[in-house]
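In: model this:
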Amino acid sequence: MDKGKAVMGTGRRWAVEFSDQSTVPSSRDILDPPGFSRASQEQDDSANSRQKKDAEATWKLQKAWEVAQSPFKNLMMMGFMMWMAGNTVHLFSIGITFSALWQPISALQSVGKIFEPFKDNKVELLMPKLVFLALNLGGLALGVWKLNTLGLLPTHASDWVSSLPPPQEVDYSGGGFVFH
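Out: Next up is the predicted model:
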């Protein structure tokens, strides 16, 4: 049967047989010309693949740094939104503040997942991860600062009055007459 010819009677409308049963010599059977070496071609391929791997590692490191610096944009935006919310306690300022607290906490919990696509033997991710952690901790500090400016953190002694025991009586005063 010739290559690429349809096979009839197999229950299908047409089918192609991919097995090579021809007598035509393939390129694997032909000898290499004088002066040609397949080893040099394989070395070129290995050099190209090495360059591609190096380029991929450089690209991964660059993207990891972009991800590591992305909380800075969020930090600036959140700071502006907190400034616009003001220092009074109302629904909008509380919502902004808790959003400013929640975003860094969730980002800190998922550092491994965030940097997973950039893992490679040639890519060192310690510094991008540390920058990512530092910026998210800065965002968390910004949220705690906003809580303090709103007066929602118990930082004064008057905030803890309900948990203090009543003071002991020091003096006793009574009238001038003692009745027995």
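In: CA atoms for contacts and neighbours, from now on please.
Out: Noted.
In: tell me which element the nearest residue to residue 122 once chain neighbours are set aside is part of?
Out: Of all residues beyond its chain neighbours, the one nearest residue 122 is residue 57 (6.1 Å), with distances taken as CA to CA, 6 or more residues apart in numbering. Residue 57 is located in helix 38-85, with elements delineated by DSSP states H and E.
In: for that helix, packing partners?
Out: For helix 38-85, the elements it packs on are helix 91-109, helix 126-149, judged by 3 or more CA pairs under 8 Å, 6 or more residues apart in numbering; DSSP states H and E.
In: mind checking which of these is nearest residue 171?
Out: Counting by CA to CA, residue 171 lies closest to helix 126-149 out of the helices and strands packed on helix 38-85; the figure is 38.8 Å.
In: what are the buried residues along that closest one?
Out: Along helix 126-149, these residues count as buried under the neighbour rule (16 or more other CA atoms under 10 Å): 128-129, 131-140, 142-144, 146-147.
In: before we move on, back to that, same list (the helices and strands packed on helix 38-85) but as JSON lines, adding mean pLDDT.
Out: Putting those into JSON lines (pLDDT from 0 to 100) gives the following:
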{"stretch": "helix 91-109", "mean pLDDT": "93"}
{"stretch": "helix 126-149", "mean pLDDT": "94"}
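In: format the ones you listed as JSON lines; extra columns: distance to residue 29.
Out: Output for the helices and strands packed on helix 38-85, formatted as JSON lines (distance: least, CA to CA, whole Å):
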{"stretch": "helix 91-109", "distance to residue 29": "59"}
{"stretch": "helix 126-149", "distance to residue 29": "52"}
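In: which stretch among those comes nearest residue 47?
Out: Nearest to residue 47 among the helices and strands packed on helix 38-85 is helix 126-149 (28.4 Å), distances taken as CA to CA.
In: now tell me what touches that closest one from outside.
Out: 64-65, 67-72, 75, 79, 82, 87, 97-98, 100-101, 104-105, 107-108, 111, 115, 153, 155 (CA atoms under 8 Å, 6 or more residues apart in numbering).
In: quick one: it to helix 38-85, angle?
Out: With axes from the mean of the first three to the mean of the last three CA atoms, to 10 degrees applied, the angle from helix 126-149 to helix 38-85 works out at 10 degrees.
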